[in-house]
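[1] Attaching a predicted model along with its sequence, questions to come.
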Amino acid sequence: MVTRTRRIGTLCLVLLTSLLIQGCPPSSQQELDQNLKKAIVMKYVHVANVKMFQTQVGGSQSQLVGVNDGSFWALFDICTLDIQGSALTGFNYDASKFFIDAGSTSYSSATPGNVNVSSVVMSSQSAQVLNAVHDAFSLSPATQYFPKQFYPNLRYRIAIFVKENPSGYRGDAMTLKYDGQPQVAAVVQNVSPGNPQFRDFYNAGGSPQIDGICP
């Protein structure tokens, strides 16, 4: 479970909605204006949920599956990145700051869990598991600095391990969020209302690729 203070663009959206519906006092409008100047918009799609996959681990083929029933890796593609606010000079992208909320629980790439790697139980945070996930799903760089501009064809993939089946989850598209930096109000928007693919098993060397559906 992840517990932390999140600096995402929720404030921007709430203030903007309030301004449009009933008007904001001058102080709120000024705060909205300042947040919009430093807002970053990331458009994404929930691509797939993968229960089990096979790939190279330590030089040999291994199958990886969560120890708990109903666990899976949720895959998302970051389609576009808009860094054009007047108060911005760039953006320090950090894949570890993405998270999803599932009921009362949050999951991120740093949420600990247990993974069965060919009958050997390992932490989802172990180097072997993280490297296997990165290689199997062709994930984005862990960190990267993006100069101020619009990136229309980013297509960066991230994976978040969900260590148990979230209560009430029925395979619909999850909402992806981002812990913004203190100087950045990060707004994440979904670009597709469709549900993600579900893969019981994915062989990184033989199964059909998990294709992104960015526009």
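    Yes, it's here.

[2] give me phi/psi at His135?
    Not quite, residue 135 is Asp, not His. Dihedral pair for Asp135: phi -70, psi -40, per degrees, to the nearest 10.

[3] surely it meets Val57?
    No - contact between Asp135 and Val57 fails when scored by C-beta atoms under 8 Å: they sit 9.1 Å apart. C-beta: built from backbone N, CA, C; applies to glycine.

[4] Measure how far stretch 172-181 is from the centre of its chain, please.
    6 Å (C-alpha atoms, centre = their mean, to the nearest Å).

[5] in that stretch, what counts as buried?
    173-174, 176-180 (16 or more other C-beta atoms under 10 Å).

[6] Equivalent analysis for stretch 57-64, please.
    Result for stretch 57-64 [16+ other C-beta under 10 Å]: buried residues 57, 62, 64.

[7] Local confidence estimate at the last one?
    Meaning Leu64. Per-residue pLDDT puts Leu64 at 97.

[8] quick check, it in a helix?
    No - per DSSP: H, G, I helix; E, B strand; the rest coil, Leu64 lies outside any helix segment and is strand.

[9] and it, what does it touch?
    52-55, 57, 115-117, 129, 132-133 (C-beta atoms under 8 Å, 6 or more residues apart in numbering).

[10] can you check the second one too?
    Taking C-beta under 8 Å, 6+ apart as the criterion, Ser62 is in contact with 54-56, 117-118, 132.
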